[in-house]
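A.B. asks: I'd like to go over a predicted model; first the sequence, then the structure.
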Amino acid sequence: MPSSGTLQNLVGELGGLVHHFRLVVAVLAVVAGWYLGRVLTGALGRRVARRFVRPSVTRTVLRLVRTSAFTLGVLVAFYVLEIGIGNIVISVTVFSAVLGLVLAPIVGSVVNGVFVLADQPYEIGDMIEFVDTGERGFVEDITLRYTKVFTLDNTFLVVPNGEMRTRDIVNFSAEDERTRLSLTVQVTYESDVDAARASMERAAAACEEVIEGGPDIRIGSARYPAKPQCYIDRYAESGIDLTLRYWAREPYRLLRTRSSVSERIWTELADLDGVEVAYPHVQHVFASESGEAHVSLRREP
């Protein structure tokens with residue numbers, strides 16, 4: 001008969017083996033949950049994409065599926081290790097109460113993320129501009145906590161959704177990518193205004209990036225000509241301001257489009273007889289009763 005000490009040692013060894021076995025099973029359960037999330041994401045990706053047209057909603061749903069599968073694996077691991085769920089809930093509650101001030105902004109961002117996904121002010125791939133800073137970029141990703149913007153300067157902006165909802169944002173490509181631009185050129189009062197206007201319209205229409213004509217473009221209840229139109233804006237001190245309005249096909253290279261139009265207009269007006277681009281002139285007139293003006297010229301060495 002084995003002694004009581006030997007039995008206790010055997011029981012201890014068996015207990016250790018059981019503990020190690022449970023630990024291995026728990027680790028496998030967590031790994032299985034992680035892997036199950038990846039499998040479900042790959043299997044349901046296309047179906048979810050067809051069900052939800054918007055890429056941001058599709059990514060959010062797939063993240064929730066992956067997180068749920070991983071959470072299930074963690075719960076199975078807790079069950080195998082005989083960890084009481086009630087104790088964990090109490091610990092999390094106390095921890096959340098202590099760090100409530102820290103977690104409040106995160107919870108607020110999540111709530112605002114839900115509103116961003118519901119209101120649809122922008123979508124993944126849209127080109128947006130922050131009005132307060134003038135920064136432009138493409139929406140790279142939308143999560144429940146933040147929005148990631150890839151700027152035109154090849155940098156990333158990660159902005160919490162709570163801040164995104166309070167900032168004024170211009171969306172250039174939400175529905176119609178066509179964007180109207182304007183350019184003002186001042187010609188002298190002696191210039192042929194009609195010829196200058198026609199020349200500016202031709203120059204803009206000749207640019208590849210500009211819509212040269214076609215049906216009127218509808219914005220709300222108003223309709224605007226699709227082809228470039230030049231108007232007399234105002235009578236300034238040194239000349240007449242002519243404002244050209246034209247439509248760019250895409251909003252992604254607005255600076256290049258504006259530069260191309262400006263270059264063609266400069267070339268057209270320079271070769272056009274009877275039209276001169278104005279610049280400030282100052283002429284001093286002395287009345288006969290104001291005395292004499294003594295003027296001398298000095299050559300600088």
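C.D. replies: Perfect, I can see it now. Numbering: from 1, shown residues only.

A.B. asks: ends of stretch 235-252, how far apart?
C.D. replies: 34 Å (CA to CA, to the nearest Å).

A.B. asks: Dihedrals phi and psi, the spatially closest residue to L62 that is not a sequence neighbour?
C.D. replies: In space, and not counting its chain neighbours, L62 is closest to T41: 5.0 Å by CB to CB, 6 or more residues apart in numbering. To be clear about C-beta, it is placed using only N, CA and C from the backbone, and glycine gets the same treatment. Backbone torsions of T41, given as degrees, to the nearest 10, read phi -60, psi -40.

A.B. asks: just T179 next, same as before
C.D. replies: Residue torsions, per degrees, to the nearest 10, at T179 are phi -130, psi 130.

A.B. asks: wait, isn't it in contact with Y252?
C.D. replies: No - counting by CB atoms under 8 Å, T179 does not reach Y252; the two are 9.6 Å apart.

A.B. asks: avg pLDDT for stretch 149-167?
C.D. replies: For stretch 149-167, mean pLDDT is 85.

A.B. asks: In that stretch, which residues are buried?
C.D. replies: Across stretch 149-167, burial judged by 16 or more other CB atoms under 10 Å covers V149, P160, N161, G162, M164, R165.

A.B. asks: Can you add distance to R234 and give those back as TSV?
C.D. replies: Below are the buried residues of stretch 149-167 laid out as TSV (distance: CB to CB, whole Å):
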residue	distance to R234
V149	37
P160	44
N161	43
G162	43
M164	38
R165	39
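
A.B. asks: Could I get the contacting residues of E212?
C.D. replies: A205, A206, K227, P228 (CB atoms under 8 Å, 6 or more residues apart in numbering).

A.B. asks: Chain neighbours aside, what residue packs nearest to E237?
C.D. replies: P280 (7.6 Å).

A.B. asks: How much space separates the one you found from Y224?
C.D. replies: According to CB to CB, to the nearest Å, P280 and Y224 sit 33 Å apart.

A.B. asks: what do you get for M127?
C.D. replies: 21 Å.

A.B. asks: Compare these two (neighbour count), which wins?
C.D. replies: M127 (22 against 12; other CB atoms under 10 Å).

A.B. asks: ok, the more buried one touching F172?
C.D. replies: Yes - at 4.4 Å, M127 counts as touching F172 under the criterion of CB under 8 Å.

A.B. asks: where do the contact lists of these two overlap?
C.D. replies: With CB under 8 Å, 6+ apart, M127 and F172 have common neighbours R136, P251.

A.B. asks: on that earlier part again, what about the residue nearest to L62, distance to E208?
C.D. replies: Distance from T41 to E208, by CB to CB: 42 Å.

A.B. asks: Show me the shaky parts of the stretch 201-301 of the chain.
C.D. replies: Across the stretch 201-301 of the chain, the ranges flagged by pLDDT under 70 are 281, 284, 286-295, 297, 301.
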